[in-house]
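> Predicted coordinates and the sequence they were generated for:
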Amino acid sequence: MNVISLDSILGVGELKSKPAPAASGCTTSSCGSSDGPSDMAPEVWEKVKNHPCYSEEAHHYYARMHVAVAPACNIQCNYCNRKYDCANESRPGVVSEKLTAEQAVRKVLAVAAEIPQLSVVGIAGPGDSLAAGAKQTIETFEQLSRLAPDIKLCLSTNGLALPDYVDRIKDLNIDHVTITINMVDPEVGQHIYPWIFYDHKRWTGIEASRILHERQMLGLEMLRDAGILAKINSVMIPGINDEHLMDVNREVKARGAFLHNIMPLISDPAHGTHFGLTGQRGPTAQELKALQDRCEGDMKLMRHCRQCRADAVGLLGEDRGEEFTAEKVMQMDIDIDGGGFTKRETYREHVEAERAQRHQSKAAAIAEVAHIAGEKPILIAVATKGGERINEHFGHAKEFQIYEVDARGAKFVGHRRVDLYCEGGSGDEDGLETIIQAINDCVAVLVAKIGGCPSKSLEAAGIEPVDRFAFEYIEESALAYYAAYTERLGTGAIRQKIGADAVIRQGAYTARRA
Ligand SMILES: C[S@@+](CC[C@H](N)C(=O)[O-])C[C@H]1O[C@@H](n2cnc3c(N)ncnc32)[C@H](O)[C@@H]1O
Ligand code: SF4
Ligand code: SF4
């Protein structure tokens, strides 16, 4: 098939590209074929392959939107304050406007007509999608399943009311449900949940956490029995549930959860949450990764969550919500009958073709490094604007994506937000300091371009700045870098080199602090 660039369908300028090398065998589950990864049943792959949150690969191509039709909640978490709102902030529970079911449906059809990447509509607050009788949630999904049946439906809940709604969720063809589970021991839960409202009564203390825990486990088992995929969100709260999340991981896995998304606590005092006001800190990026690594096993860990607003619109990491306010949507001429269905279908066909080409290219890159199997993985930071390419200037990066690389492949393991190094054209030393701190477990940073000064500081900190892969694909470049890195050191030497680099980085950091 002749592959047309997705950027041309979307009207975006062409990126410099390299033809895909010939295919060969691929052994990692992150790679795969059009039937999906080797460790996933085809019917499950069919459900997740276009869902930007359930498939890391899909998030490069597909967008989601949240509609904020669920303002109320039936429990209180010590990290949540829905009264604090800020239009410029992207974090859970924040919305610019709450919608009725009717407004939400209109908004979805408007977005679907405009953004062919849209594949999922979710309800994730700002409160709980199943609180207050779940009326608006059900009404919204009923209409959408009729008007835009090609778009997947998704909801997020704390799980307290979930057992009462699993049958309804099944009837509505909702394939994806997220439950936030922060504990499987009410002793731990009592430090996270001051109260719940259940069975016409407010419960507090350990009793509240016991009820919540039992309802969450029951709801999860019912989802498994109904064949609905469950993702578990857990908020990592250092000193309260960080170690305990290993137990949570084990228990949810035993009950058939598909994916575990361990997210860092956000606890800015300005947000007015209990944890913010009492000085409870969130985890560092390195602490979060270490816990995710310990939990990763048979069940997949989600590493690409962007902790989105409850009214987010667009690809993960971008927010086009401002283009679709209730006022603007009211003025739009909306095709009520599946708005833009043909455009979405064409887009999906091209994504399939591009994905097949990318699988081949990644498999070929993995085959090139097969001879160094068994070496220790390295971490690499990447400056990217998206499109799976190294296409961002070091000084303009607001975040770095982190890849873990060895002969099995280059795996995305998280992103690290940083202060901008270049503000108004000049380098800011404090910004550079926070960048080095954020990526200090990486051996290299792959960028489209970088200036002489930051290069020297990075080298002094034991992080190699690399611009020779500018505009190339990230995974293939990371593997090529890994091969060159290993060759430079000689096989068997990576472990010692990583150890030595870590000492250099720590020494450089201590010296800068002094
Ligand atoms: C706003 S909630 C809406 C769905 C539902 N009420 C729930 O809590 O699962 C969406 C997700 O954001 C998480 N969240 C809310 N506030 C947070 C914070 N301050 N830090 C980290 N995660 C947070 C919740 O735990 C939940 O997983
Ligand atoms: S369950 Fe969700 S909406 Fe309710 S308090 Fe907790 S985070 Fe906020
Ligand atoms: S908050 Fe995470 S799981 Fe939810 S839509 Fe955003 S990226 Fe997906």
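Arrived safely. Numbering: from 1, shown residues only. Ligands and ions are numbered 1, 2, ... in the order given.

> Give the buried residues for stretch 173-180.
Ile174, Asp175, His176, Val177, Thr178, Ile179, Thr180 (16 or more other C-beta atoms under 10 Å). For every residue, glycine as well, the C-beta is placed using N, CA and C.

> I figured the first one hits Phe141, correct?
Yes. Here Ile174 reaches Phe141: they are 6.5 Å apart, a contact under C-beta atoms under 8 Å.

> shared neighbours of those two, anything?
When contacts are counted by C-beta atoms under 8 Å, 6 or more residues apart in numbering, Ile174 and Phe141 are jointly contacted by Leu153, Leu155.

> still on that earlier bit, looking at the buried residues of stretch 173-180, which one is closest to ligand 3?
Thr178 (6.6 Å; C-beta to the nearest ligand atom).

> pretty sure the closest one belongs to a strand, no?
Yes. Under DSSP: H, G, I helix; E, B strand; the rest coil, Thr178 sits within a strand.

> Pretty sure it sits against Leu229.
No. Between Thr178 and Leu229 there is no contact, the gap being 9.6 Å when judged by C-beta under 8 Å.

> where's the dip in pLDDT among the buried residues of stretch 173-180?
Taking those together, the minimum pLDDT is found at Asp175 (92).

> Cys442 is in contact with Ala381, isn't it?
Yes. The pair Cys442 / Ala381 is scored as a contact, 4.4 Å apart, by C-beta under 8 Å.

> which residues are common contacts for those two?
Common contact partners of Cys442 and Ala381 (C-beta under 8 Å, 6+ apart): Ile402, Ile463.

> these two touch, right, Pro71 and Ile123?
No. With contact defined as C-beta under 8 Å, Pro71 does not count as touching Ile123 (11.2 Å).

> out of these two, which sits in the busier spot?
More crowded of Pro71 and Ile123, by other C-beta atoms under 10 Å: Ile123, with 26 against 17.

> tell me the phi and psi of the more buried one?
phi -120, psi 110 (degrees, to the nearest 10).

> helix, strand or coil for Val120?
Recorded secondary structure, Val120: strand (three-state DSSP).

> Could you point out the bridge partners of it in the sheet?
Following DSSP bridges, Val120 is listed with bridge partners Arg64, Lys152.

> got the contact list for the nearest residue to Val443 once chain neighbours are set aside?
Nearest non-adjacent residue to Val443, counting by C-beta to C-beta, 6 or more residues apart in numbering: Ile378, 4.9 Å away. Contacts for Ile378 (C-beta under 8 Å, 6+ apart) come out as Glu404, Val405, Asp406, Cys442, Val443, Ala444, Tyr482, Tyr485, Ile494, Ile498.

> Just grab the bridge partners of Ile378 for me.
Bridge pairing for Ile378 - DSSP bridges - gives Val405.

> cool, and the one 4 residues further on?
With DSSP bridges as the criterion, Val382 is bridged to Gln401, Leu446.

> That one: neighbouring residues, count only.
So Val382, with other C-beta under 10 Å, has 30 neighbours.

> isn't it right next to Ala444, touching?
No. Using C-beta under 8 Å as the test, Val382 is too far from Ala444 to be in contact (9.3 Å).

> I'd like to know which helix or strand in this structure has the lowest mean pLDDT.
helix 6-10 (a mean of 52; mean pLDDT, DSSP states H and E).

> Tell me which other helices or strands whatever helix or strand comes next after that helix touches.
Later in the chain than helix 6-10, the nearest helix or strand by DSSP states H and E is helix 42-48. Using 3 or more C-beta pairs under 8 Å, 6 or more residues apart in numbering; DSSP states H and E as the contact criterion, the elements in contact with helix 42-48 are strand 229-236.
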